[in-house]
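1. got a sequence here, can you build the structure:
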Amino acid sequence: MDGLWVKCKQCQQILLTKELEKNLKVCRCGYHFRMTAQERINMLVDENSFIEWDRELATKDPLKFPGYAQKIQKCQIETSMGEAISTGQGRICGIPFAIGVMDPRFIMASMGAVVGEKIVRAAERALKLRLPLVLFSASGGARMQEGVLSLMQMARTSAALTRLSEAGLPFFSILTDPTTGGVTASFAMLGDLIIAEPGALIGFTGPRVIEQTIRQKLPEGFQRSEFLQKHGMVDIIIERPKMREQLAALLGLHHCDAVEGVQG
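-> Reported below is the predicted structural model:
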């Protein structure tokens with residue numbers, strides 16, 4: 001949001017950007033604009049408690065896909081991120097936890113080898129430090145420029161989260177707009193508790209593609225958070241201004257014997 005004003009996609013009101021940012025990018029009508037990874041971390045994590053992990057990891061264009069290296073470099077400059085997810089540890093209302101946040105500005109936070117690796121490492125560090133893990137998804141799915149190397153991350157992230165579960169450590173998956181494709185088909189739907197923001201698009205394939213395939217009109221609100229909660233795929237919908245307080249309360253219910261003083 002570089003301009004002074006922005007138009008809400010839901011109510012069509014023209015909003016002052018500074019005022020919208022003060023309201024955590026939620027319009028008066030309830031529409032949730034997309035957030036950057038850093039904005040979410042700032043919103044959730046106690047001040048000066050966040051320690052970032054694996055910031056140096058960056059994609060090396062493994063398949064030499066035409067134009068991919070240039071696109072990666074452009075995203076890195078524009079976002080100041082090495083890849084489409086930030087991971088680390090911090091505290092929320094004093095409770096220690098591990099966190100990963102996807103950033104849709106970076107090739108729509110598609111999951112390539114490095115994104116998958118950072119999620120796996122976050123799960124492994126959470127296991128080592130006895131921390132609950134919270135992942136915020138906002139992704140277009142697997143990254144086509146990395147082919148099967150991208151698809152492999154679905155299995156790798158799922159396996160890492162299984163090890164976390166076997167150790168009795170909770171994983172909270174938070175679905176934001178959009179959460180689609182291979183991310184939905186893997187780690188995003190494996191949470192012990194699946195939380196969504198209001199109105200988020202959540203699904204494997206987009207509604208337009210489904211309608212074209214089955215040649216039928218989909219129900220109103222199909223693949224939105226509220227529809228998925230009604231059909232048992234989402235446990236809780238939490239509005240963004242209430243996310244920090246309610247997430248802290250939920251984490252407080254799941255006591256973990258965190259290893260104090262140890263950084264991943």
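
2. gap between residue 14 and residue 198?
-> Using C-beta to C-beta, to the nearest Å, residue 14 is found at 21 Å from residue 198. All C-beta atoms are positioned from the backbone trio N, CA, C, and that covers glycine.

3. point out where this protein drops to low pLDDT.
-> For the chain, residues meeting the criterion pLDDT under 70 lie at 1-2, 260-264.

4. now for the longest helix along the chain, which elements pack on it?
-> What stands out as the longest helix in the chain, according to DSSP state H, is helix 147-166. Judged by 3 or more C-beta pairs under 8 Å, 6 or more residues apart in numbering; DSSP states H and E, helix 147-166 is in contact with helix 113-129, strand 171-180, helix 181-184.

5. tell me the first helix or strand C-terminal of the shortest one.
-> It stands for helix 181-184. Beyond helix 181-184 in the direction of the C-terminus, DSSP states H and E gives the next helix or strand as strand 193-196.

6. could you export that following strand as PDB, CA atoms only?
-> Extracted C-alpha coordinates of strand 193-196, given in PDB (Å, rounded to 0.1, in the frame of the first residue of the first chain):
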ATOM      1  CA  LEU A 193      -6.300 -26.500  15.500                       C
ATOM      2  CA  ILE A 194      -7.200 -24.900  12.200                       C
ATOM      3  CA  ILE A 195      -7.900 -21.200  12.400                       C
ATOM      4  CA  ALA A 196      -9.000 -18.900   9.600                       C
END
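
7. more neighbours: residue 14 and residue 198, which one.
-> The residue with more neighbours, out of residue 14 and residue 198, is residue 198; 17 against 8, by other C-beta atoms under 10 Å.

8. can you tell me the SS state at that one?
-> Following DSSP: H, G, I helix; E, B strand; the rest coil, residue 198 is assigned to coil.

9. same question, residue 42
-> helix.

10. pull the number of nearby residues for it.
-> When neighbours are counted by other C-beta under 10 Å, residue 42 registers 13.

11. so who does it touch?
-> Listed by C-beta atoms under 8 Å, 6 or more residues apart in numbering, the contact set of residue 42 is empty.

12. rewinding a little: would you mind getting the angle between the longest helix of the chain and strand 171-180?
-> 150 degrees (axes from the mean of the first three to the mean of the last three C-alpha atoms, to 10 degrees).

13. any chance of the backbone angles for the most centrally placed residue in the chain?
-> Taking C-alpha atoms, centre = their mean as the criterion, residue 137 is the residue nearest the geometric centre of the chain, at 2.0 Å. Backbone geometry at residue 137, expressed as degrees, to the nearest 10, gives phi -100, psi 140.

14. now the helix or strand where residue 243 lies and strand 171-180, what's the angle there?
-> Per DSSP H and E: residue 243 is located in helix 240-253. Calculated by the same axes, to 10 degrees, helix 240-253 forms an angle of 150 degrees with strand 171-180.

15. would you convert the helices and strands packed on helix 147-166 into TSV that also reports distance to residue 21 and mean neighbour count?
-> Output for the helices and strands packed on helix 147-166, formatted as TSV (distance: least, C-beta to C-beta, whole Å; neighbours: other C-beta atoms under 10 Å):
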stretch	distance to residue 21	mean neighbour count
helix 113-129	26	22
strand 171-180	17	25
helix 181-184	26	25
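
16. make TSV from these and add distance to residue 206 to it.
-> Shown next, in TSV, are the helices and strands packed on helix 147-166 (distance: least, C-beta to C-beta, whole Å):
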stretch	distance to residue 206
helix 113-129	20
strand 171-180	7
helix 181-184	9
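
17. looking at these, which is closest to residue 222?
-> Closest of the helices and strands packed on helix 147-166 to residue 222 is strand 171-180, at 13.1 Å (criterion: C-beta to C-beta).

18. if we can go back for a sec, so which of the helices and strands packed on helix 147-166 is nearest residue 243?
-> Here strand 171-180 is closest among the helices and strands packed on helix 147-166 (C-beta to C-beta), at 7.9 Å.
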